[in-house]
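Trainee: predicted model follows, preceded by the sequence.
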Amino acid sequence: MNNRSTPPKILVVEDSTANAKLLCQVLQRGGMQVVSAHNGESAIQEVEASLPDLILLDVLLPGMDGFELCQKWKSQPRTQDIPIIFMTALTDNQDKIKGLKLGAVDYVTKPFHQEEVLARVRLHLQLSHLTKTLEKQNQKLSKEVQERKAAEKRLQNLTQTLEERVSNRTQELQNTLDELQTAQVQLVQREKLSTLGQLVAGVAHEINNPVGFVVGNIKYLEEYHNDLLEHLKLYQKHYSEPPDEIQEHKEEIDLDYLVEDIPNILESLKVGMERIRKISLSLRNFSRADDTSRMFVDIHEGLESTLLILKHRLKAKGTFPGIQVEKEYGNLPQVCCYPGQLNQVFTNILANAVDALSEEVEAKQDNLNKKPTITIQTGVGTLSESEVKVPCVTIRIVDNGPGMPEEVQKHLFDPMFTTKPIGKGTGLGMSISHQIVTQKHQGRLRFYSTPGEGTEFIIEVPIQGQDDAAAS
């Protein structure tokens, strides 16, 4: 039986008073409310007065027979969903098939088997209830889908707005950099890092808001899907032979494919959101505003953030084979430093290595006999300051590119020195990097380069700042 606060109402349409009385007694003992009619006209009046939950309909009636009544009720929207079970003493299967084609859900034969009648009535009441429940759930799911589409539309609008803001800020940053090229090198360094940090931090913050919204809703969508799927499995388990209408709808929507594919879609959404979250975290690590104070950080996080920023330039595309990055990371302690400025050093050196390798590939094309590679090694060492040896971390960035001519090596750390075409470089990157390592961190920046073989940069940074080391 369905879960009702009031008993289901059954209409018995039977011209035999004895049969009608017997059916009423059986159904009432089964906890049902029963009304009866002895012909088609009185049956129509009963239905118009109050809709029953199920109709037991005799085929042979005086005047309008059961087939005509069934056809009439099934043609009207108000009554078409009421389950109808035919009662007949006929043994001709054609008559039974005719009744089912008219929309009846079942039939029982006379003389009645009381338990069979009660079981069939209960079964079709339950099926009717489940069908109505499923329809309500489908309507709810449809509403949720519409809400999700609206949320996706809002996310798309937010993304478009974010792209426009990033574009505007990037243009503002480019204008600022153009003005700073003629200023003192130290001022360029500070302003560039500050502006870039604010921009990237702002981008990371604005990414986090829509990502958090989507991730939060994916969790509930997955739970709702699992609940509905479990309900559907129970339905299929207990009612393995549903009515033709449900079976046809199942085939029309390809239910098996939907059940299989929705988890894949949800998993793809989660993977995509996790990737965006990692990118946002890397952007925040890369853009720490730390000009005024040191902090203890993991150097490897800075290297990974920088590689993520440059990832699009490392990928293979077209005839470009891509650049392989090999990492040989040691076991490093936390380092007291200005992480945003060290990230700028890593960016300058790695970007120059990418430029050199890309230019070599373009120049040699089919004659290139090696895989363009950048190797990053980290470890612990010591810096000699007079007679004092200071513990430090060592970062080696090695490329197998074309190397640098001796004339370039002589001026590599000079302000405004560049080998790149006008508009491609400011000549400040390596000069600023040298100042960051040597002056801001009391470290050392060296390089070795052999034309035709490649270039190696060695960055050495004290594990503790100068003041920290003295205090300890």
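Mentor: It's in. Quick caveat, the model's predicted, so the values are computed rather than measured.
Trainee: report the secondary structure element holding residue 456.
Mentor: Element membership for residue 456, per DSSP states H and E: strand 454-462.
Trainee: which neighbouring elements make contact with that strand?
Mentor: For strand 454-462, the elements it packs on are strand 335-337, helix 339-364, strand 373-385, strand 388-399, strand 444-450, judged by 3 or more Cβ pairs under 8 Å, 6 or more residues apart in numbering; DSSP states H and E. C-beta here means a position set from N, CA and C on the backbone, and glycine is covered the same way.
Trainee: closest one to residue 228 among those?
Mentor: Of all the helices and strands packed on strand 454-462, helix 339-364 sits nearest to residue 228, with 47.1 Å by Cβ to Cβ.
Trainee: is it true that residue 19 touches residue 117?
Mentor: No: between residue 19 and residue 117 there is no contact under Cβ atoms under 8 Å: 10.7 Å.
Trainee: does residue 404 sit in a helix, a strand or a coil?
Mentor: Assigned with DSSP: H, G, I helix; E, B strand; the rest coil, residue 404 falls in the coil class.
Trainee: and it, its phi and psi?
Mentor: Phi and psi for residue 404, reported as degrees, to the nearest 10, are phi -120, psi 140.
Trainee: tell me the spacing between it and residue 451.
Mentor: Look at residue 404 and residue 451: by Cβ to Cβ, to the nearest Å, they are 7 Å apart.
Trainee: these two: who's more crowded?
Mentor: residue 404 (20 against 13; other Cβ atoms under 10 Å).
Trainee: my guess is that one contacts residue 412. True?
Mentor: Yes: assessed by Cβ under 8 Å, residue 404 is found in contact with residue 412 at 7.3 Å.
Trainee: contacts only, for residue 232.
Mentor: For residue 232, the contact set (Cβ atoms under 8 Å, 6 or more residues apart in numbering) comprises residue 259.
Trainee: make 55 the starting number, not 1.
Mentor: Right, with 55 as the first residue, what we last looked at is residue 286.
Trainee: next SSE after the helix or strand hosting it?
Mentor: Using DSSP H and E, residue 286 falls within helix 239-292. Reading on from helix 239-292 to the C-terminus, the next helix or strand found by DSSP H and E is helix 298-307.
Trainee: which other helices and strands contact that next one?
Mentor: Helix 298-307 packs on no helix or strand, going by 3+ Cβ pairs under 8 Å, 6+ apart.
Trainee: tell me the mean pLDDT for that helix?
Mentor: Across helix 298-307, pLDDT averages out at 81.
Trainee: can you pull out the low-pLDDT segments for the stretch 55-204 of the chain?
Mentor: The stretch 55-204 of the chain contains residues with pLDDT under 70 at 55-59, 144-146.
Trainee: how about the strands in it?
Mentor: Along the stretch 55-204 of the chain, counting by DSSP state E, counting those that start in this stretch, strands occupy 63-67, 87-91, 108-112, 138-142, 160-163.
Trainee: okay if I get those strands as TSV plus mean neighbour count and distance to residue 290?
Mentor: TSV is the format used below for these (neighbours: other Cβ atoms under 10 Å; distance: least, Cβ to Cβ, whole Å):
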stretch	mean neighbour count	distance to residue 290
strand 63-67	23	27
strand 87-91	18	31
strand 108-112	26	23
strand 138-142	22	23
strand 160-163	17	20
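Trainee: distance to residue 98 added to those strands, as JSON lines?
Mentor: JSON lines is the format used below for the strands of the stretch 55-204 of the chain (distance: least, Cβ to Cβ, whole Å):
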{"stretch": "strand 63-67", "distance to residue 98": "10"}
{"stretch": "strand 87-91", "distance to residue 98": "8"}
{"stretch": "strand 108-112", "distance to residue 98": "11"}
{"stretch": "strand 138-142", "distance to residue 98": "13"}
{"stretch": "strand 160-163", "distance to residue 98": "21"}
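Trainee: okay, now the domains of the protein?
Mentor: The record's domain parsing of the chain by automatic domain parsing lists 63-166, 184-340, 369-525.
Trainee: wait, residue 138 sits on residue 157?
Mentor: Yes: if you go by Cβ under 8 Å, residue 138 and residue 157 touch, sitting 6.6 Å apart.
Trainee: find the residues that touch each one of those two.
Mentor: Joint contacts of residue 138 and residue 157 (Cβ under 8 Å, 6+ apart) are 124, 127-128.
Trainee: which of those residues fall in helices?
Mentor: 124, 127-128 (DSSP state H).
Trainee: buried among those residues? Make that a PyMOL selection.
Mentor: With 16 or more other Cβ atoms under 10 Å as the criterion, this PyMOL line picks the buried residues out of those:
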select buried, resi 124+127
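Trainee: relative orientation of whichever helix or strand residue 216 is part of and helix 298-307 in degrees?
Mentor: Using DSSP H and E, residue 216 sits within helix 168-234. For helix 168-234 against helix 298-307, the angle between stretch directions is 20 degrees (axes from the mean of the first three to the mean of the last three Cα atoms, to 10 degrees).
Trainee: same for helix 168-234, what does it pack against?
Mentor: The elements that helix 168-234 packs onto, with contact taken as 3+ Cβ pairs under 8 Å, 6+ apart, are helix 71-83, strand 108-112, strand 138-142, strand 160-163, helix 239-292.
Trainee: now these in CSV, with distance to residue 148?
Mentor: What follows is the helices and strands packed on helix 168-234, written out as CSV (distance: least, Cβ to Cβ, whole Å):
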stretch, distance to residue 148
helix 71-83, 23
strand 108-112, 18
strand 138-142, 12
strand 160-163, 13
helix 239-292, 31
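Trainee: ok, and the closest non-adjacent residue to residue 205?
Mentor: residue 271 (6.6 Å; Cβ to Cβ, 6 or more residues apart in numbering).
Trainee: so that neighbour sits against residue 201, correct?
Mentor: No: between residue 271 and residue 201 there is no contact under Cβ under 8 Å: 9.1 Å.
Trainee: quick one: which of the two has more around it?
Mentor: residue 271 (16 against 11).
Trainee: report the separation between that one and residue 386.
Mentor: In terms of Cβ to Cβ, residue 271 sits 39 Å off from residue 386.
Trainee: just residue 124 next, same as before
Mentor: 83 Å.
Trainee: quick revisit: export the domains of the chain to CSV and append columns for distance to residue 358.
Mentor: What follows is the domains of the chain, written out as CSV (distance: least, Cβ to Cβ, whole Å):
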stretch, distance to residue 358
domain 63-166, 61
domain 184-340, 7
domain 369-525, 9
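Trainee: out of those, which gets nearest to residue 355?
Mentor: Closest of the domains of the chain to residue 355 is domain 184-340, at 5.4 Å (criterion: Cβ to Cβ).
Trainee: contacts for stretch 166-185?
Mentor: With Cβ under 8 Å, 6+ apart, stretch 166-185 has contacts from 55-57, 62, 64, 73, 76-77, 80-81, 84, 86, 107-108, 110, 135, 137, 139, 141, 159-160, 162, 289, 293, 297, 300.
Trainee: got a pLDDT number for residue 403?
Mentor: Looking at residue 403, its pLDDT reads 90.
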